[in-house]
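Peer 1: give me a 3D structure for the following:
(one chain, ligands or ions: 2)
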Amino acid sequence: MTDTTKFWAVVPAAGVGKRMNADRPKQYLLLAGKTVLEQTLLRLLQADVFSAISVAISEEDPYWPEIPISCHEKIITAAGGKERADSVLSGLKSIRDKASDDDWVLVHDAARPCLTASDIHHLINALIDDEVGGILALSSHDTLKNVQGNSILGTLDRSHIWRALTPQMFRYGRLKKALEAAEGNPAVTDEASALELLGLQPKIVEGRPDNIKITRPEDLALAQFYLEQQ
Ligand SMILES: Nc1ccn([C@@H]2O[C@H](COP(=O)(O)OP(=O)(O)OP(=O)(O)O)[C@@H](O)[C@H]2O)c(=O)n1
Ligand SMILES: C[C@](O)(CO)[C@H](O)COP(=O)(O)O
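Peer 2: Numbers count the residues shown, from 1 in each chain. Ligands and ions are numbered 1, 2, ... in the order given. Coordinates of the predicted model:
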């Protein structure tokens, strides 16, 4: 890495949060006195490593202009897309005049507010000299079953099954090209899967188990607990 390499963050925050069954998108629900999105952005800013943070916001979003952090000097707003991958690509395009192809981009879900600055630096330190990049992930502590309907077909080798988290860290140019090549592909639910489609093998870096994604109603209380413990 040259000492001119910069770090950028892209935060997909344009989802509707269907599984949350709330009166607003989950990134705008209150968590420890702030919105989920503000908590997430504060975590990224606390890492003190990003040249800028591009936040992909739905064009129907009335909440974003009302939260003070949207005016932060390091925050850039991008238009969200139909799927998460489209929002991430839009975020990448919003910094194309600033980022170099060899700069690192960390993509982090708005819905993961319990990320710690230490895990951001853990991921960067682990991959800074890597050829491809990679992701924070969690190994499984449970027995894993291959299931069809409600029947068990067999037991999986848990050493080969990891749960992908975010941030996911890749070089700007390669990530943008991979997502452009994968546009419209529903199998691309994270950045690593777009790189995999190019035949690359992103690395796994074990992350903290409290870096949960707020997805269902019960996740909010768990996130509150984790923020209180950190
Ligand atoms: N078109 C989309 C869809 C999702 N996201 C973001 O991607 C992250 C992870 O996605 P997920 O947990 O699936 O969020 P939602 O799509 O909002 O949830 P649901 O599937 O329950 O609607 C979230 O921060 C979400 O805001 C996005 O930026 N653009
Ligand atoms: C990117 C991600 O957080 C990795 O686990 C996850 O795939 C995003 O949530 P979604 O429900 O797949 O959109």
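Peer 1: so residue 195 sits right up against residue 171, yeah?
Peer 2: No - the pair formed by residue 195 and residue 171 falls short of the contact definition of C-beta atoms under 8 Å, at 9.9 Å. In this view, the C-beta of every residue, glycine as well, is placed from N, C-alpha and C.
Peer 1: residue ranges in this protein under the pLDDT threshold?
Peer 2: For the chain, applying pLDDT under 70 flags the ranges 1-2.
Peer 1: returning to what we had before: neighbour-wise, which of residue 195 and residue 171 wins?
Peer 2: residue 195 (26 against 22; other C-beta atoms under 10 Å).
Peer 1: which residues touch the more buried one?
Peer 2: Under the criterion of C-beta atoms under 8 Å, 6 or more residues apart in numbering, the neighbours of residue 195 are 132-133, 170, 174-175, 178, 202.
Peer 1: please repeat the previous calculation with a cut-off of 7 Å.
Peer 2: By C-beta atoms under 7 Å, 6 or more residues apart in numbering, the contact set of residue 195 is 132, 170, 178, 202.
Peer 1: which one (most neighbours) among the residues you listed?
Peer 2: Within these, most neighbours by other C-beta under 10 Å means residue 170, with 27 neighbours.
Peer 1: which residue packs closest to it, ignoring adjacent ones?
Peer 2: Counting by C-beta to C-beta, 6 or more residues apart in numbering, residue 170 lies nearest to residue 133, which is 3.9 Å off, once chain neighbours are set aside.
Peer 1: gap between that neighbour and residue 93?
Peer 2: Here the distance between residue 133 and residue 93 works out to 19 Å (C-beta to C-beta, to the nearest Å).
Peer 1: now do residue 155
Peer 2: Noted for residue 155: a distance of 44 Å to residue 93, by C-beta to C-beta.
Peer 1: neighbour count winner among those two?
Peer 2: residue 93 (17 against 10).
Peer 1: next, give phi and psi for the more buried one.
Peer 2: Per-residue torsions, residue 93: phi -70, psi -30 (degrees, to the nearest 10).
Peer 1: I'd like the distance between it and residue 53.
Peer 2: In this view, residue 93 and residue 53 are 15 Å apart by C-beta to C-beta.
Peer 1: quick one, what contacts residue 146?
Peer 2: Residue 146 neighbours (C-beta under 7 Å, 6+ apart): 153-154, 156.
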